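A.B. asks: Let me see the structure of the following:
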Amino acid sequence: MNSVRKLLLNLFLFVLIASFVSCQNTDSQNQSVQESTPKNIIFLLGDGMGYPQITAAKYAHGNLNMTSMPYSGTVYTHSHDSKVTDSASSATAFACGFKTINGMLGVLPDGTTPVQSIAHYANELGKSTALMATSRITHATPAAYAIHHNDRGEEYIIAEKFVDSGIDMLLGAGSNYFLPESAGGTRPDDRNLISEMEEMGYLYLDSEEQLSQIAGQDRVIAFLEGGDLGQAAERGDQAGQLVDAAINQLSQNEEGFFMMIEGSQIDWQGHANEAELMIEELIDFDGIVGNVLDFAEQDGNTLVIVTADHETGGLTLPSAGDGEFSYNYSTGGHTAEHVPIFSFGPSAEQFKGTFDNTEIARKLFSIWGKEIQE
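C.D. replies: Numbers count the residues shown, from 1 in each chain. Here you go, the predicted structure:
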């Protein structure tokens, strides 16, 4: 009888321990799933930044922040109608997850059907949103996250659409497109879009000295120039200050945030075949990547992605003798070359390998709980 009772006791203890271990494993798995879903996403885009540009900058500067990120991959860039994309169609692809025709923003190839961007989806989730560029905010890349339009060149109309876009922070430059001539802008009509947005609760800033006022403000327009920011050597740390001030405020939202940061002028120097100036722009952009990674490492709940929309200039680095190379451009336009992608943080492993640029948005939507339907 004693042996039977002892056997039953041992069996009971075995079941109890097994149940405890199972619960612990389940809790561990749930915690792992929780940790793999980032609260924040920061997407950094080096416009025109292909593999040759990164290689050249690394030789000129040394190790780069972006190439230190733990995961990397390769992205296809073609648009709906061309093997060589422009910034509008590529931005629509990685913001919304759909191919479109060169020149179109946030719409399908029919030119009228809008597609949601990851920024607008973030707003739906209660997250804060911010777009920052070293160009004017009405330029193709930031515009694709905020508006729907079939012609990237109509920037005064694009500015009008920004008014009701719902994006919480617009950072960089471009006040000329928002203000009439009577208020110091270049709009061909009398609309003062800045005043309209101030009535909607936006704080408007137009100088570096005012950036500390971003703290405590949920909706901000910070345009430091009427057109575009100056070249890297001229603008100093303007871009870094904008990003740091914005992230400090965005991170106050308990639901999290989405931010897109574009190093716009890497592309412009590629168009001009100016290798040294391109490297300056890329190093400036990489400095911002470093600031973002510092925040993400400390925060622990932020996914950081760095990529490009296309390569510009057809840059190659042929031998120049004596162990050196020269800069050789084959075009003043874009090319069909694939581009790199680097990632860090929760879910970063999803961005290794080789995939189409539409997969960037589709992965981001999925990470935050939505599958894009065709």
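A.B. asks: CA-only coordinates of the one helix or strand T129 maps to in CSV, if you can.
C.D. replies: Counting by DSSP states H and E, the element that carries T129 is strand 128-136. Output of strand 128-136 as CSV, limited to C-alpha atoms (Å, rounded to 0.1, in the frame of the first residue of the first chain):
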residue,chain,number,x,y,z
SER,A,128,3.1,59.4,-33.8
THR,A,129,4.5,60.1,-37.3
ALA,A,130,7.3,62.2,-38.7
LEU,A,131,8.9,62.8,-42.0
MET,A,132,12.3,64.5,-42.4
ALA,A,133,14.4,65.3,-45.5
THR,A,134,17.4,67.4,-46.4
SER,A,135,15.3,68.4,-49.4
ARG,A,136,12.0,70.3,-49.4
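A.B. asks: What strands flank it, and is each parallel or antiparallel?
C.D. replies: According to DSSP bridges, strand 128-136 forms sheet pairs with strand 169-173 (parallel), strand 257-263 (parallel).
A.B. asks: For F342, which of those is the nearest?
C.D. replies: Ranking the strands paired with strand 128-136 by proximity to F342 (C-beta to C-beta) places strand 257-263 first, at 13.5 Å. All C-beta spots, glycine's among them, are computed from the backbone N, C-alpha and C.
A.B. asks: And the contacts of the next helix or strand after that closest one?
C.D. replies: Tracing the chain past strand 257-263, the next element assigned as helix or strand by DSSP H and E is helix 265-271. Residues from elsewhere that reach helix 265-271, judged by C-beta atoms under 8 Å, 6 or more residues apart in numbering: 46-49, 53, 87, 134-135, 228-229, 231-232, 275, 277-278, 280-282, 285, 311-313, 315, 329, 332-333.
A.B. asks: Run through the strands of this protein in chain order.
C.D. replies: 40-46, 71-76, 128-136, 169-173, 203-205, 220-223, 257-263, 302-307, 319-321, 324-325, 339-344, 353-356 (DSSP state E).
A.B. asks: Please save the CA atoms from the last one in CSV.
C.D. replies: In CSV, the C-alpha atoms belonging to strand 353-356 read as follows (Å, rounded to 0.1, in the frame of the first residue of the first chain):
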residue,chain,number,x,y,z
GLY,A,353,18.3,38.3,-48.0
THR,A,354,17.3,39.5,-51.4
PHE,A,355,13.8,40.9,-52.1
ASP,A,356,11.7,43.5,-54.0
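A.B. asks: Quick one: the helices in the stretch 151-300 of the chain, in order.
C.D. replies: Counting by DSSP state H, counting those that start in this stretch, the stretch 151-300 of the chain has helices at residues 155-163, 193-199, 232-235, 238-250, 265-271, 275-299.
A.B. asks: got CSV for the strands paired with strand 128-136, with mean neighbour count and distance to E196 too?
C.D. replies: Shown next, in CSV, are the strands paired with strand 128-136 (neighbours: other C-beta atoms under 10 Å; distance: least, C-beta to C-beta, whole Å):
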stretch, mean neighbour count, distance to E196
strand 169-173, 27, 13
strand 257-263, 28, 23
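A.B. asks: how about a markdown table for those, with mean pLDDT and distance to A144 added?
C.D. replies: As requested, the strands paired with strand 128-136 are exported to a markdown table (pLDDT from 0 to 100; distance: least, C-beta to C-beta, whole Å):
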| stretch | mean pLDDT | distance to A144 |
| --- | --- | --- |
| strand 169-173 | 98 | 14 |
| strand 257-263 | 98 | 9 |
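A.B. asks: Which one of these lies nearest to L242?
C.D. replies: Relative to L242, the nearest member of the strands paired with strand 128-136 by C-beta to C-beta is strand 169-173, separated by 4.7 Å.
A.B. asks: chain center to that closest one: distance?
C.D. replies: Taking the mean of its C-alpha atoms, strand 169-173 sits 13 Å from the chain's own mean (C-alpha atoms, centre = their mean, to the nearest Å).
A.B. asks: if we can go back for a sec, with distance to N291 added, can I get the strands paired with strand 128-136 in a markdown table?
C.D. replies: A markdown table is the format used below for those (distance: least, C-beta to C-beta, whole Å):
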| stretch | distance to N291 |
| --- | --- |
| strand 169-173 | 14 |
| strand 257-263 | 10 |
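A.B. asks: So what pairs up with the spatially most central residue of the chain in the strands?
C.D. replies: Nearest residue to the geometric centre of the chain (C-alpha atoms, centre = their mean): F43, 2.6 Å. Taking DSSP bridges as the rule, F43 bridges to M260, I305.
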